[in-house]
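S.K.: okay, structure incoming, though there's no sequence with it:
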Ligand SMILES: O=NC(=O)[C@@H](O)[C@H](O)[C@H](O)CO
Ligand SMILES: [Co+2]
């Protein structure tokens, strides 16, 4: 019987920091897992190298569910992004191996194709309304049927989601946390105007999304959601921090603007009330942070019972391994909603060779066995890890706010 013979943890920075797990079996079959946790990468690398890799060697790679239970229950300490990202990486690598052993692309092991392609949304942003509108036009011209719009709030530096100049939006860009000012009233007065300007200019023939990024209180989020109802958003994302899941009842009482939550959450229990009380419309948990394919399927199946659809996080700080796994899962699940898609930098794609393809506003998975991603460790070694932190937001009085 095949055994896990080697488990290597690679920390490298091709385009940006990534942590990648590669498991190799006694039959020479390899599987990849993404273990990247933006701003806390080394914690997950250590969790894997020091605590999980010694447990993997010699175990049966085919026993994916058993491995998940063994690592989850065996930790004793429950949940949390570091533990769940480490478990996610092992789980994803074992699914990659299982696909290769079966000679099937992963989506075939997950129930087969449920749709022709995985609809994605692009990230349009601008330092002001005109540049935002130009960016929206650019993505519509590229064939996207869904676009997220974020614009800098005047006189409030460092608004979330706004690129600095050309290139890819990369929030973790400083060796120490960049402290950025935040003014809720300025945002509440400005954001609805640019979302209206987008509809004014481009109409309603595409999905418009917006990420509030945890910045509002429940009543402020209710006010925002109500104010933008005429924009017919596909969703407003992370309107308020979700540790207190019942806070969303207040938002729900006031507005029909759809709600998406989950990218910072890492287990089914963290979204259980949001789903079972239908407090959200899309669940954004991911392969890399919410327990891999095994656990994410559970979350998506629970969501399906309550007509909650998927809308997984897909920023560039989730590696091409996660994107490939997400597209396989998105291809198969019945309650797919939409997939976030930020194209990775070429430097990243020169290290992660992925078979995922974009066409007509959708992604399609590789037909190669497993995930369809190969990792070039030698090439990656040319890009050493660099300490990078996500920003910290501070209100105008200097107190810390949610970034
Ligand atoms: O919806 N997407 C997002 O909110 C992302 O841009 C997150 O801020 C980053 O992935 C954090 O590392
Ligand atoms: Co977000």
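M.R.: Cool, the structure landed. Remember, predicted model here, so these are calculated numbers, not experimental data. Residues are numbered from 1 along each chain as shown. Ligands and ions are numbered 1, 2, ... in the order given.
S.K.: what's the closest residue to ligand 1 within the stretch 301-403 of the chain sitting at in phi/psi?
M.R.: Nearest to ligand 1 in the stretch 301-403 of the chain, going by C-beta to the nearest ligand atom, is residue 315, at a distance of 3.4 Å. Glycine gets a C-beta too; all of them are placed from N, C-alpha and C. Backbone torsions for residue 315, taken as degrees, to the nearest 10, come to phi -70, psi 170.
S.K.: which ones are touching it?
M.R.: Residue 315 sits next to 169, 340, 342 when contact means C-beta atoms under 8 Å, 6 or more residues apart in numbering.
S.K.: does the residue nearest to the first one when sequence neighbours are not counted lie in a helix or a strand, and which?
M.R.: In space, residue 169 comes closest to residue 163 once its chain neighbours are excluded; the distance is 4.5 Å by C-beta to C-beta, 6 or more residues apart in numbering. Element membership of residue 163 [criterion: DSSP states H and E] is none; it lies in no helix or strand.
S.K.: now do residue 163, the pLDDT please.
M.R.: In this model, residue 163 is scored at 84, pLDDT.
S.K.: and the residue nearest the centre of the chain, helix, strand or coil?
M.R.: With distances taken as C-alpha atoms, centre = their mean, residue 313 lies nearest the centre of the chain, 2.3 Å away. Following DSSP: H, G, I helix; E, B strand; the rest coil, the label given to residue 313 is coil.
S.K.: got the contact list for it?
M.R.: So residue 313 contacts 262, 263, 284, 285, 286, 289, 340 (C-beta under 8 Å, 6+ apart).
S.K.: the last one touches residue 312, doesn't it?
M.R.: Right, the one you point to is residue 340. Yes - using C-beta atoms under 8 Å, residue 340 is in contact with residue 312, at 6.5 Å.
S.K.: quick check: phi and psi on residue 82?
M.R.: Torsion angles, degrees, to the nearest 10, at residue 82: phi -70, psi -50.
S.K.: find the nearest non-adjacent residue to it, please.
M.R.: Nearest one to residue 82, counting by C-beta to C-beta, 6+ apart, is residue 43 at 5.0 Å.
S.K.: remind me which helix or strand that neighbour belongs to.
M.R.: Using DSSP H and E, residue 43 falls within helix 41-46.
S.K.: show me which residues of that helix are buried.
M.R.: 41, 43, 44, 45 (16 or more other C-beta atoms under 10 Å).
S.K.: cool, and stretch 298-309?
M.R.: Applying 16+ other C-beta under 10 Å to stretch 298-309 flags 299, 300, 302, 303, 304, 306, 308, 309 as buried.
S.K.: stretch 170-179 now?
M.R.: 170, 171, 172, 178.
S.K.: which one's more surrounded, residue 340 and residue 312?
M.R.: When residue 340 is set against residue 312 and neighbours are counted by other C-beta atoms under 10 Å, the residue ahead is residue 312, at 33 against 25.
S.K.: contact partners for the more buried one?
M.R.: 263, 284, 285, 286, 287, 296, 326, 329, 330, 339, 340.
S.K.: tell me how far the ends of stretch 245-262 are from each other?
M.R.: Chord length of stretch 245-262, first to last residue, is 11 Å (C-alpha to C-alpha, to the nearest Å).
S.K.: how far is that stretch from where the chain is centred?
M.R.: Centre-to-centre, stretch 245-262 and its host chain are 20 Å apart (C-alpha atoms, centre = their mean, to the nearest Å).
S.K.: ok, the buried residues of helix 41-46 vs residue 115, which is closest?
M.R.: Nearest to residue 115 among the buried residues of helix 41-46 is residue 44, at 31.8 Å by C-beta to C-beta.
S.K.: please report how far that closest one lies from ligand 1.
M.R.: Remark: distance between residue 44 and ligand 1 (C-beta to the nearest ligand atom, to the nearest Å) = 14 Å.
S.K.: cool, residue 124 as well?
M.R.: The value you get for residue 124 to ligand 1, if C-beta to the nearest ligand atom is used, is 13 Å.
S.K.: give me the beta-bridge partners of that residue?
M.R.: Assessed by DSSP bridges, residue 124 has beta-bridge partners residue 149.
S.K.: wait, it touches residue 141, no?
M.R.: No - using C-beta under 8 Å, residue 124 is not in contact with residue 141, being 11.4 Å away.
S.K.: more neighbours, the two?
M.R.: Neighbours per residue, other C-beta under 10 Å: of residue 124 and residue 141, the larger number sits with residue 124, 26 against 8.
S.K.: which bits of the stretch 151-300 of the chain sit near ligand 1?
M.R.: Neighbours of ligand 1 within the stretch 151-300 of the chain, by C-beta under 6 Å from any ligand atom: 171, 211, 213, 237, 263.
S.K.: for the stretch 101-250 of the chain, what spans make up the strands?
M.R.: Assigned by DSSP state E, counting those that start in this stretch, the strands in the stretch 101-250 of the chain fall at 118-126, 146-151, 179-182, 207-211, 235-237.
S.K.: residue contacts, whatever residue of the stretch 51-200 of the chain ends up closest to ligand 1?
M.R.: Nearest residue of the stretch 51-200 of the chain to ligand 1: residue 171, at 5.3 Å (C-beta to the nearest ligand atom). The contact partners of residue 171, by C-beta under 8 Å, 6+ apart, come to 38, 160, 317, 390, 391.
S.K.: by pLDDT, give me the weakest of these.
M.R.: For the contacts of residue 171, the pLDDT minimum is residue 160, 89.
S.K.: and for that one, nearest residue in space, chain neighbours not counted?
M.R.: Here the residue nearest residue 160, using C-beta to C-beta, 6+ apart, is residue 213, at 4.4 Å.
S.K.: ok, now residue 302?
M.R.: residue 275 (5.6 Å).
S.K.: just residue 190 next, same as before
M.R.: By the measure of C-beta to C-beta, 6+ apart, the closest residue to residue 190 outside its immediate chain neighbours is residue 153, 5.1 Å from it.
S.K.: ok, that neighbour - how many residues close by?
M.R.: 23.
S.K.: quick one, what contacts residue 337?
M.R.: Contacts of residue 337 (C-beta under 8 Å, 6+ apart): 281, 282, 309, 310, 311.
S.K.: these: which two are farthest apart?
M.R.: Among the contacts of residue 337, 281 and 310 lie farthest apart (C-beta to C-beta), at 10.8 Å.
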